[in-house]
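# return a 3D structure for these sequence lines:
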Amino acid sequence: MIERFYLKDYLSFKETELNLQNGLVVFTGPSGSGKSILIESILSSLGGATCDASVCESSVTWDINADEMGIENDDINVFKHIKKEKSRYFVNNQSLSKKSISTIASNYLRHLSLKDFSDFENENLLSILDNRIASKNKKIVHIKDDYKKSYLEHKEVKKELHKLEEEEKKIVELKEFATYEIKKIEDIDPKLGEDEELLVVKKELSKKEKVLDAINTANEVFNHESSVSNALDSLEVDSNFFDDVMNELRSILESAQDRFSALDDVDIEDVFNRIEELSGLKRRYGSIEDAIEYKEKKKLELMKYENIEVAKDDLCERYKSLSLELEKLALELSIMRQKEIPLFEKDLNKYLTNLYLRDAQVRLTNISYSLYGCDELEIELNATKLSKISTGEFNRLRLAILALKSKFMSKNGGVLMLDEIDANLSGEESMSVAKVLKQLSKYFQIFVISHQPQLTSMGDQHFLVYKNGNISHTKELNFEEKVDEIARIISGDSVSNEAKKFAHELLESNK
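Next up, the predicted model:
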């Protein structure tokens with residue numbers, strides 16, 4: 001619900017604050033006092049309209065989806081529209097676009113002054129119908145769950161089958177391409193780390209002659225090894241350290257000579273060619289490891305292509321089985337829904353009669369499978385399509401639909417805003433609208449502008465909008481003040497005792 005609303009500097013309003021309750025909230029006042037301006041500014045604070053107020057701010061108890069919008073959710077969330085040089089919108093002091101604000105609020109707020117067809121969308125109407133059935137037969141809940149599960153799996157299998165059939169059309173080309181790619185890599189037959197080993201060989205080959213010459217020259221030192229040992233002995237110096245060094249040197253030089261001599265059988269051109277082949281693979285695939293991985297992937301693809309008929313047969317069998325299951329479950333849903341349609345239509349027309357509207361015709365037609373079955377629920381008013389009826393009829397029909405829906409709702413259905421829904425109605429018609437709104441107010445917080453005593457007397461909370469000079473003000477009325485205001489609505493500015501008496505009786509009867 002909206003707990004508080006604050007408005008500053010908008011047209012005839014300088015400043016006003018409303019502390020709001022749940023239920024039916026009624027705004028009355030003389031023509032031109034600013035009632036519609038007030039409703040417009042409340043909508044503007046929630047991104048549902050545009051106004052030039054310096055500030056319009058609504059504090060709400062909605063549990064908003066904070067993660068989706070990247071805002072912090074508080075116990076009371078504050079929506080604010082500020083207009084200076086340009087409009088800016090905030091939720092809990094975090095700046096958001098008007099579109100984002102409107103998206104958040106649209107989950108909780110409906111403005112019934114326009115022809116909004118969302119209440120007549122097939123999903124919503126079927127939901128009302130199914131909830132009515134479920135209140136008498138819980139079996140429909142399990143059927144719907146099974147149907148939804150089968151539908152989603154059927155949709156996925158159909159998608160896979162379509163993909164497989166598309167691949168099948170190109171199967172020859174795909175197989176040839178996979179075979180070609182595999183052969184290209186297998187002909188080179190790369191080994192992990194081979195490219196690095198070849199680079200080492202290439203480097204050693206490039207310095208082979210120079211290194212061997214250096215080793216031959218260095219080997220001259222061993223011709224003088226005994227002379228050094230004799231000199232150390234004559235000096236009575238232990239020659240073991242010299243022997244160890246010479247043995248280690250001899251081992252190093254012999255090992256190096258063996259390694260470089262082994263390169264005699266290596267063809268440097270072969271090494272260069274192999275390096276170039278591997279470099280080509282690396283340029284194409286990124287690395288030797290990636291090339292080998294790609295080859296294995298193509299082998300798996302080739303196996304899949306070779307087994308595509310088997311896979312297709314399995315999918316076709318699964319698709320056929322799911323289609324039969326879907327058809328069976330959808331038929332069960334349709335039978336249960338068709339059985340409920342006359343009762344749905346009867347209850348809807350009870351509300352419409354109370355709302356002084358012509359009878360509606362409700363029918364269930366067969367459509368393609370969707371997430372909700374293969375049924376479409378259509379409503380016409382006296383054989384007239386909804387797009388052709390008047391706005392007043394349309395909105396009263398919406399109230400009847402909401403009334404049907406409310407029987408299966410939680411206590412917090414959000415906020416409904418209505419602008420003079422009882423305008424140009426007789427007293428009886430106004431009372432019928434008031435009774436429906438009173439029922440809905442158990443589930444919604446409802447804001448309504450009224451010029452009729454019947455609806456006004458039903459209000460859980462009543463605000464008078466009036467002007468003092470050129471400045472608009474609001475005032476929450478107590479019981480006696482409500483009597484005076486309803487009497488004014490009945491008899492005009494010259495309030496008669498009879499009007500006050502009738503207003504008092506009306507309020508007492510609607511307590």
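
# now do stretch 208-227: everything it contacts.
The contact list for stretch 208-227, computed with CB atoms under 8 Å, 6 or more residues apart in numbering, reads 204, 246, 249-250, 253, 256-257, 260-261, 263. C-beta: built from backbone N, CA, C; applies to glycine.

# of those residues, which belong to helices?
Among the contacts of stretch 208-227, the ones falling in helices (DSSP state H) are 204, 246, 249-250, 253, 256-257, 260-261.

# what subset of those is buried?
204, 246, 253, 256-257, 260 (16 or more other CB atoms under 10 Å).

# would you check which pair of the ones in helices among the contacts of stretch 208-227 lies furthest apart?
E204 and M246 (25.6 Å; CB to CB).

# before we move on, the earlier item: now render the buried ones among the ones in helices among the contacts of stretch 208-227 as TSV, adding distance to A423.
TSV is the format used below for these (distance: CB to CB, whole Å):
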residue	distance to A423
E204	99
M246	117
L253	111
A256	106
Q257	110
F260	105
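
# which is the succeeding secondary structure element to the longest helix seen in the chain?
Ranked by residue count under DSSP H, the longest helix found in the chain is helix 308-354. Of the helices and strands lying after helix 308-354 in sequence (DSSP states H and E), the nearest is strand 360-370.

# in that next one, what counts as buried?
360, 362, 364, 369.

# quick check: buried residues in the helix or strand just after that strand?
Per DSSP H and E, the first helix or strand lying C-terminal to strand 360-370 is strand 373-381. Within strand 373-381, the residues that count as buried by 16+ other CB under 10 Å are 373-377, 379, 381.

# who's in contact with the next helix or strand after strand 373-381?
Heading C-terminal from strand 373-381, the first helix or strand you meet, by DSSP H and E, is helix 391-406. Residues from elsewhere that reach helix 391-406, judged by CB under 8 Å, 6+ apart: 112-116, 119-120, 124-125, 127-128, 131-132, 344, 347-348, 351-352, 355-357, 360, 379, 381, 386, 389, 413, 416, 418, 421, 423-424, 433, 436-437, 439-440, 442-444.

# among these, name the buried ones.
112-113, 119-120, 125, 128, 131-132, 344, 348, 351-352, 355, 357, 360, 379, 381, 386, 389, 413, 416, 418, 421, 433, 436-437, 439-440, 443-444.

# need the distance between the two termini of stretch 459-475.
Start-to-end span of stretch 459-475 (CA to CA, to the nearest Å) is 14 Å.

# and stretch 29-41, by the same measure?
Taking CA to CA, stretch 29-41 runs 17 Å from one end to the other.

# H473 belongs to a strand, doesn't it?
Yes. Assigned with DSSP: H, G, I helix; E, B strand; the rest coil, H473 falls within a strand.

# would you turn the buried residues of strand 360-370 into CSV with pLDDT and distance to L38?
What follows is the buried residues of strand 360-370, written out as CSV (pLDDT from 0 to 100; distance: CB to CB, whole Å):
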residue, pLDDT, distance to L38
A360, 93, 33
V362, 94, 37
L364, 94, 42
Y369, 93, 47
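
# tell me the one among those residues nearest to E277.
Distance to E277 across these (CB to CB) is lowest for Y369, with 55.5 Å.

# for the protein, what helix or strand is lowest in average pLDDT?
Ranked by mean pLDDT, DSSP states H and E, the weakest helix or strand in the chain is helix 66-69, scoring a mean of 64.

# now do the same for H462: its pLDDT.
pLDDT recorded at H462 is 95.

# what is the neighbour count of E57?
Using other CB atoms under 10 Å, E57 has 20 neighbouring residues.

# I'd say it and N77 touch.
No. Using CB atoms under 8 Å, E57 is not in contact with N77; the gap is 11.2 Å.

# ok, so of the contacts of stretch 208-227, who is nearest S229?
M246 (8.9 Å).

# excluding chain neighbours, what is closest to that closest one?
E225 (5.6 Å; CB to CB, 6 or more residues apart in numbering).

# and that neighbour, how far is that from S234?
For E225, the distance to S234 (CB to CB, to the nearest Å) stands at 15 Å.

# just want to know which of these two has more residues nearby.
Neighbour count, other CB under 10 Å: between E225 and S234, E225 has more, with 14 against 8.

# next one: phi and psi at that one?
phi -60, psi -40 (degrees, to the nearest 10).

# residue contacts, I140?
Applying CB under 8 Å, 6+ apart to I140 gives the contacts 130, 133-134, 333, 336.

# for the closest residue to it other than its chain neighbours, the count of nearby residues, please.
Leaving aside its sequence neighbours, I140 sits nearest to I133 (CB to CB, 6+ apart; 4.8 Å). I133 is flanked by 21 other residues according to other CB under 10 Å.

# likewise the one 10 residues further on?
Counted with other CB under 10 Å, the burial measure for I143 works out to 20 neighbours.

# and the one 5 residues further on, by the same measure?
Counted with other CB under 10 Å, the burial measure for K148 works out to 14 neighbours.

# dump the residue contacts of it.
K148 makes contact with L371, according to CB under 8 Å, 6+ apart.

# next one: it relative to L333, how far apart?
From K148 to L333 the distance is 11 Å (CB to CB).

# that older thread, identify the farthest-apart pair in the contacts of stretch 208-227.
M246 and L263 (26.5 Å).

# in stretch 26-40, what's buried?
Within stretch 26-40, the residues scored as buried using 16+ other CB under 10 Å are 26-30, 33-35, 37-40.

# dump the residues you listed to JSON lines, plus secondary structure and pLDDT.
Shown next, in JSON lines, are the buried residues of stretch 26-40 (DSSP: H, G, I helix; E, B strand; the rest coil; pLDDT from 0 to 100):
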{"residue": "V26", "secondary structure": "strand", "pLDDT": "94"}
{"residue": "F27", "secondary structure": "strand", "pLDDT": "94"}
{"residue": "T28", "secondary structure": "strand", "pLDDT": "92"}
{"residue": "G29", "secondary structure": "coil", "pLDDT": "91"}
{"residue": "P30", "secondary structure": "coil", "pLDDT": "90"}
{"residue": "S33", "secondary structure": "coil", "pLDDT": "91"}
{"residue": "G34", "secondary structure": "coil", "pLDDT": "91"}
{"residue": "K35", "secondary structure": "helix", "pLDDT": "91"}
{"residue": "I37", "secondary structure": "helix", "pLDDT": "91"}
{"residue": "L38", "secondary structure": "helix", "pLDDT": "93"}
{"residue": "I39", "secondary structure": "helix", "pLDDT": "91"}
{"residue": "E40", "secondary structure": "helix", "pLDDT": "91"}
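
# and V78, which of the three is it?
Of the three states, V78 takes strand according to three-state DSSP.

# what is the neighbour count of the residue lying closest to E306 once chain neighbours are set aside?
Distance criterion CB to CB, 6+ apart; nearest residue to E306, sequence neighbours excluded, is K175 at 7.5 Å. Neighbour count of K175, defined by other CB under 10 Å: 15.

# break this structure into its domains for me.
1-108+413-472, 182-309, 478-511 (automatic domain parsing).

# what's the most buried one of these?
Of the domains of the chain, the one with the most neighbours on average (mean count of other CB atoms under 10 Å) is domain 1-108+413-472, at a mean of 19.

# run the chain-centre distance for it.
27 Å (CA atoms, centre = their mean, to the nearest Å).

# phi first, then psi, for K155.
With angles defined as degrees, to the nearest 10, K155 sits at phi -60, psi -40.

# tell me the contacts of it?
Going by CB under 8 Å, 6+ apart, K155 touches no other residue.

# tell me how far it lies from D146.
Taken as CB to CB, the span from K155 to D146 is 15 Å.

# about what we covered before: other SSEs contacting the longest helix of the chain?
Counting contacts by 3 or more CB pairs under 8 Å, 6 or more residues apart in numbering; DSSP states H and E, helix 308-354 is packed against helix 122-134, helix 139-169, strand 360-370, strand 373-381, helix 391-406, helix 427-440.
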